[in-house]
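Colleague: have a look; sequence and predicted model below, questions after that.
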Amino acid sequence: MFTILLLECVRQFKGERTLSAIYHLFSGKRSAQTLQDAHMYSLTNYFGILKSLRRNVFDKQTEILRDKQLIVVNDKGFPFLTHYGTEYLRNYLNQHNLSSFNGLKYERMSHTFLLRLQLFIQTVSNMEKGINSFIPITDDQETQQWVKLIYVRNRNKLDSWLEGLYKELYTFLINLSDNEAEIFVDRLTGYQKIGLSKEQMARKFNLSYEDVELELIKLTHQLIRHIGEHIENNPFLSNFVQIETDTTFITNSAAYTYQLYNKGYGIEEIVRIRNLKESTIQDHLVEIAYVDPNFNVNLFLSKVQYDQILKIINEHDTKKLKLIKQLAGNDVDYFQIRLVIATQNLPSERKS
Amino acid sequence: MLEQQLETFFGHTNFRQGQKEIITDILSGKDVLGILPTGSGKSICYQLPARILEGTTLVISPLISLMIDQVKQLIASGFKEVIAINSFLANSDRKQVFHDLSKYKLIYASPEMLQNNVFMEKLKKLTVSLFVIDEAHCISQWGHEFRPDYLKLNETINYLNHPPVLALSATATPEVQEDIVHQLDCPLMTRHIYSMDRDNIAFIVERFDHFNQKLEYAANLLKRFPVPTMIYFSSRNWTEQAVDILSKKLPNLRIAFYHGGMDQTDRMLVQQQFMNDQLDVICCTSAFGMGINKTNIRLVIHFHLPTQMESFIQEVGRAGRDGESSVSVVLVAPNDNQLPKRLIETELPTEAQSKNVISFITEHIHIQNNFRLVDTEMMKLFHLSETQWRFLKYQLEKHGMIKEGRILTDFHNPHHIESHITTLIKNRMQYKQEKLGALFEWVAGESCRRKNLFLSFQTDVNKPKYMCCDHCDFTFNQWNPTFNTIKNENIGWKKQLKQLFLQGINNEE
């Protein structure tokens, strides 16, 4: 799956970004550049899905793609799919439910969600057997406190929690492939059943270490989405999901700019208040434009300018700022082009 | 009385050899040196007093992973007033812990923490009622894991107004024992020395023409005796390869590797699986085993040998803690001593490295003010490992060149210091090579392995409870180890999920 994901990102980036951009995307670097890249090239689903990925592992993997001639990298460091790479991707893409990833939306909460769920299962399954000494699967203090709280509150109805969680998880897992369900269950720890390590699963399922990690994250994203879509059928599981607000999807700095913007300040005023460069504030606004459906671009460019830029983007099938600027002439600036790119896809995305 | 407390706090009904004697002496305020074999429950000797005594018990331990494991186990068992303080503790957590230090009954600390002034001042405000030095052999230059920071322990003990001292070790020759008493400056120490050999472990050595044959042999042995087993390797890479090969040869056994390069969670899971009899064979480096309290390990196989007898004895000591018949098997092939030889060379700095570091310090002597030698920077700058830098740093401090990371101005002729350190490195290197030589001599020995192995530690050995060694009486034909029959069946996720959630409920019906 890691290979296919890499190829898919190379394809989407159209030779307009370096391999580093893909690395930052996977590792979830919260910089304006990475977030904008994710939006601009419709790769938000893969944002932060391999946070622990080390750079040398990533480099080794892309090296393999080159050796296998699935990709070529030009002298500027931009990767392209080869003909063979395109074929390969087309053949294997459908085998991996990549659309189950929901990186940008879940990357922060999925880790907490899974830890809470796993620690709770471990705790309750042991306590039911009268075992109150076991080594917790995570040292994370916040998770331990959270589980303790839930446990204490529900001490008298652990049976119904166990049964409830079992039924809800079963319903979710039965709709997956057997392999996927097995990966999920193998990782769980409880009474006299210690979960498998990622290395062990890699061996058992004949996957790479990164693939195991990706599978687990994909399953977690799927589960969170499943719970969200069937809240009424998942009264137990839904306790483990933490609701996050939209503002967490942007950088903190952009969020502050957003507050000021919402209060009605203009760019020049925000520049003065925040003591930042104009270009930085523009970065923030572009970032906001990607996520806020109510963002009003008309404040920054006219309808004529908007349509002109959109036409160039569509006709030339490009998101290269320099090229668009050349074609559009001096009537528009880079900021305006970026705003158009940011908002052009929004109507369709909003529906989903 | 003591037995009652042992049962209340730890659930054991009887003390093991030496424990009661040591604890009684501690509680009457004596300084104690305790030498007990690996796996005999050394930690009870201070964990029980920690629960009984008023005030705080401080344990100095050089093995961070061990202290973390012990703290986890203690907390899991219900003793919550326990903390491990070491460099892994995040700064924000550390602040909190220092602030609440008085609420802990048992504090584990790594030796370098004793150089932390804030920590020491906080400690002084508490009543330290017992000062424990775990792995006390580290205090001796002639011990196998010499730690320069241990030499400052006597200062710390004095600073804390000399609370009762308990020094513990599982591997200390009489020479090292003397050194411990001397270095700690506790001449009145009561000594409780027990023989280090365990009577239920037999020793055998198998020779091969080529190292390739070792795994073949191990696989056949495990086919015949599918018992809980540890196999020691000297590199991470080897543990992984061995799992690949053995898993193919032994599809019915559950085999995993363990080494220091794995992520925290995976390490913990593998360790727990092994404890839980969910794994049969573990291929590991020396990073595994400390803090492991699995009682039914029947076989300890050394695919690679460590660098001296002390480590070997410690690793073998993980077998048969339940007293049942267990076996140590050493696999040797020609040139097996080359790897540990090279390992030893990397433990000490080279002549060139120490020369460069000394020149660096001499050159920077006048850049005063805020210039500090930062450990990580020095290690990078001169390609030094942590052990190498620790060694050099201690020597430079001893010769008055540096203090607390700052360069001093009034040291004597740096060339003298340099030649002194170079000679020392040479001597220590030779000493270490001799220790390695002794281990390989033992391997080559033609008489009783038990006697030969423990000769330098004690005058006599225990009478073996089962078989002794391959030179005396051991044959695998007569070995009938007790073990549970192992099932390695894949029951599928549905059944697993059901067992995980519903077994408790179903049983009550």
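Modeller: Looks like it came in fine. Residues are numbered from 1 along each chain as shown, chains lettered A, B, ... in the order given.

Colleague: in chain B, what helix or strand scores lowest on average pLDDT?
Modeller: Every helix and strand in chain B was compared by mean pLDDT, DSSP states H and E; the lowest is helix B:493-508, with a mean of 78.

Colleague: in a strand, B:Glu54, correct?
Modeller: No. Counting by DSSP: H, G, I helix; E, B strand; the rest coil, B:Glu54 is not part of a strand but coil.

Colleague: buried set for the longest helix along chain B?
Modeller: In chain B, taking DSSP state H as the definition, the longest helix is helix B:414-444. For helix B:414-444, a neighbour-count test (16 or more other C-beta atoms under 10 Å in any protein chain shown) marks B:414, B:417-418, B:421-422, B:424-425, B:428, B:432-433, B:435-436, B:439, B:442-443 as buried. Where you see a C-beta, it was placed from the backbone N, CA and C, and this is true even at glycine.

Colleague: now the strands for the stretch 101-250 of chain B?
Modeller: Ranges of strands within the stretch 101-250 of chain B are B:106-109, B:128-133, B:165-169, B:190-193, B:201-207, B:229-232, based on DSSP state E, counting those that start in this stretch.

Colleague: give me the neighbour count for the nearest residue to B:Gln478 once chain neighbours are set aside.
Modeller: Spatial nearest neighbour of B:Gln478, excluding adjacent residues (C-beta to C-beta, 6 or more residues apart in numbering or on different chains): B:Met467 at 6.8 Å. Under the neighbour criterion other C-beta atoms under 10 Å in any protein chain shown, B:Met467 is assigned a count of 20.

Colleague: report the secondary structure state of B:Met467.
Modeller: Three-state call for B:Met467 (three-state DSSP): coil.

Colleague: isn't it right next to B:Ile201, touching?
Modeller: No. If you go by C-beta atoms under 8 Å, B:Met467 and B:Ile201 don't touch, sitting 9.7 Å apart.

Colleague: rewinding a little: which strands and helices sit next to the longest helix of chain B?
Modeller: Here helix B:414-444 touches helix B:309-316, helix B:338-347, helix B:351-363, helix B:386-398, helix B:449-454, going by 3 or more C-beta pairs under 8 Å, 6 or more residues apart in numbering or on different chains; DSSP states H and E.

Colleague: list the buried residues for stretch A:225-241?
Modeller: By 16+ other C-beta under 10 Å, the buried positions in stretch A:225-241 come out as A:226-227, A:234, A:236-241.

Colleague: which bits of the stretch 201-350 of chain A sit near chain B?
Modeller: By C-beta under 8 Å from any C-beta of the partner chain, the part of the stretch 201-350 of chain A that sits against chain B consists of A:Arg203.

Colleague: redo the helices and strands packed on helix B:414-444 as a markdown table? Include distance to chain A, mean neighbour count and mean pLDDT.
Modeller: Shown next, in a markdown table, are these (distance: least, C-beta to the nearest C-beta, whole Å; neighbours: other C-beta atoms under 10 Å in any protein chain shown; pLDDT from 0 to 100):
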| stretch | distance to chain A | mean neighbour count | mean pLDDT |
| --- | --- | --- | --- |
| helix B:309-316 | 22 | 22 | 91 |
| helix B:338-347 | 22 | 14 | 88 |
| helix B:351-363 | 26 | 17 | 89 |
| helix B:386-398 | 21 | 19 | 87 |
| helix B:449-454 | 34 | 20 | 94 |
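
Colleague: can you list the strands of the stretch 101-250 of chain B in a markdown table and add mean pLDDT and mean neighbour count?
Modeller: Formatted as a markdown table, those follow (pLDDT from 0 to 100; neighbours: other C-beta atoms under 10 Å in any protein chain shown):
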| stretch | mean pLDDT | mean neighbour count |
| --- | --- | --- |
| strand B:106-109 | 95 | 24 |
| strand B:128-133 | 95 | 24 |
| strand B:165-169 | 95 | 26 |
| strand B:190-193 | 93 | 16 |
| strand B:201-207 | 97 | 20 |
| strand B:229-232 | 97 | 26 |
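
Colleague: between the ones you listed, which one is nearest to B:Gln264?
Modeller: Nearest to B:Gln264, of all the strands of the stretch 101-250 of chain B, is strand B:106-109, at 18.2 Å by C-beta to C-beta.

Colleague: just the pLDDT for residue 54.
Modeller: No chain in the question, so chain A it is. Here, the pLDDT recorded for A:Arg54 equals 91.

Colleague: look at chain B instead
Modeller: The model reports B:Glu54 with a pLDDT of 93.

Colleague: any idea how far chain A is from it?
Modeller: Separation of B:Glu54 from chain A (C-beta to the nearest C-beta, to the nearest Å): 26 Å.

Colleague: I'd guessed that residue sits against B:Val128; true?
Modeller: No. The pair B:Glu54 / B:Val128 is not scored as a contact, 11.0 Å apart, by C-beta under 8 Å.

Colleague: how many neighbouring residues does whatever residue of the stretch 1-150 of chain B ends up closest to chain A have?
Modeller: For the stretch 1-150 of chain B and chain A, the shortest gap (C-beta to the nearest C-beta) falls at B:Ala76, measuring 4.1 Å. Neighbour count for B:Ala76, taken as other C-beta under 10 Å: 15.

Colleague: show me the contacts for the nearest residue to it once chain neighbours are set aside.
Modeller: Distance criterion C-beta to C-beta, 6+ apart; nearest residue to B:Ala76, sequence neighbours excluded, is A:Ser133 at 4.1 Å. Contact partners of A:Ser133, counting by C-beta atoms under 8 Å, 6 or more residues apart in numbering or on different chains, are B:76-78.

Colleague: could you look up the SS state of A:Ser133?
Modeller: coil.

Colleague: contact residues of the stretch 151-300 of chain B facing chain A?
Modeller: Contact residues (C-beta under 8 Å from any C-beta) of the stretch 151-300 of chain B with chain A: B:243, B:247, B:256-257, B:262-270, B:272-273, B:276, B:278.

Colleague: next up, the contacts around B:Phe501.
Modeller: A:121, A:125, A:162-163, A:165-166, A:169, A:190.

Colleague: restrict those residues to those near chain B?
Modeller: Restricting these to those near chain B by C-beta under 8 Å from any C-beta leaves A:121, A:125, A:162-163, A:165-166, A:169, A:190.

Colleague: mind putting the residues you listed into TSV with distance to A:Gly85?
Modeller: Compiled in TSV, those are given as follows (distance: C-beta to C-beta, whole Å):
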residue	distance to A:Gly85
A:Ile121	41
A:Ser125	46
A:Leu162	48
A:Glu163	49
A:Leu165	43
A:Tyr166	44
A:Leu169	38
A:Gly190	43
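
Colleague: and those residues, which are buried?
Modeller: Buried among the ones next to chain B among the contacts of B:Phe501 (16+ other C-beta under 10 Å): A:121, A:125, A:162, A:165-166, A:169, A:190.

Colleague: so which helix or strand takes in the residue of the stretch 201-350 of chain B found nearest chain A?
Modeller: Across the stretch 201-350 of chain B, the shortest distance to chain A (C-beta to the nearest C-beta) belongs to B:Asp266, at 3.7 Å. In this structure, B:Asp266 sits in helix B:264-275 according to DSSP states H and E.

Colleague: quick revisit: same list (the buried residues of stretch A:225-241) but as CSV, adding pLDDT.
Modeller: CSV is the format used below for the buried residues of stretch A:225-241 (pLDDT from 0 to 100):
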residue, pLDDT
A:His226, 94
A:Ile227, 91
A:Asn234, 91
A:Phe236, 92
A:Leu237, 93
A:Ser238, 89
A:Asn239, 89
A:Phe240, 91
A:Val241, 87
